[in-house]
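> Output the structure for:
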Amino acid sequence: MSEDNFSTACLARQVEPIALAVFKRGRWCVVAKLTILDGETVLGIAIKEQQGTQEMVSLPLQVIDYAQSHGARWLYWRRDRHPIEMKRVELQTLKQRGFLQRDGEVYFPLAAMELVHWRQWEYAEKVIRLAPEVKEDKPDLNVPKQLVLAFEGAANEL
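Next up is the predicted model:
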């Protein structure tokens, strides 16, 4: 093992698993975790009975970017109910070949992922909330505003 690979493996083993949460549908949702698999930091998704996960996997782009900035190279998708299975795809491939939708999530077909041997990973006790990017210099035109009626403006002047 080269010195660089040894250093990376040692660093990866020192990282504790971290659950990644985003604000969706009015609440914080854990959507993935950074964990260690085979001595490498990976982004992992474990599903049990979630709807909509039979054909596609989706992740917010900010989660993918966060994982890459913390050394992850792979996304592992794991089904924990019968029939158990595990698949993986490189995060770069996910970003290049996935479908970025208006909801800010990248969608990728499960059929295009590599089937791998199912393995357990550590439970994440720590949660990091990834806040959406805030652009204060531009008003959000999609937020409804209450219009002021003509007589309301006059009443305030009295």
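> separation between Ile128 and Tyr66?
8 Å (CB to CB, to the nearest Å). (C-beta placed from N, C-alpha, C; glycine too.)
> Reduced to three states, what does Pro83 come out as?
Secondary structure, DSSP: H, G, I helix; E, B strand; the rest coil: Pro83 is coil.
> What strand or helix carries the most centrally placed residue in the chain?
Closest to where the C-alpha atoms of the chain average out (CA atoms, centre = their mean) is Val63, at 3.5 Å. If you go by DSSP states H and E, Val63 is part of helix 61-69.
> what sits up against that helix?
Identification of contacts with helix 61-69 by CB atoms under 8 Å, 6 or more residues apart in numbering yields 20, 22, 31-32, 34, 43, 75, 91-92, 94-95, 100, 104-106, 130, 132-133.
> Inside helices: which ones of these?
91-92, 94-95 (DSSP state H).
> quick one: which of the residues you listed is most hemmed in?
Ranked by neighbour count (other CB atoms under 10 Å), these have Leu94 at the top, with 23 neighbours.
> does the residue nearest to that one when sequence neighbours are not counted belong to a helix or a strand, and which?
Computed as CB to CB, 6 or more residues apart in numbering, the closest residue to Leu94 that is not its neighbour in sequence is Phe108, at 5.3 Å. Per DSSP H and E: Phe108 is located in strand 105-109.
> ok so, going back, counting neighbours, go ahead and name the busier of Ile128 and Tyr66.
The neighbour comparison of Ile128 against Tyr66 (other CB under 10 Å) goes to Tyr66, with 19 against 14.
> okay, the more buried one: pLDDT?
We have a pLDDT of 97 for Tyr66.
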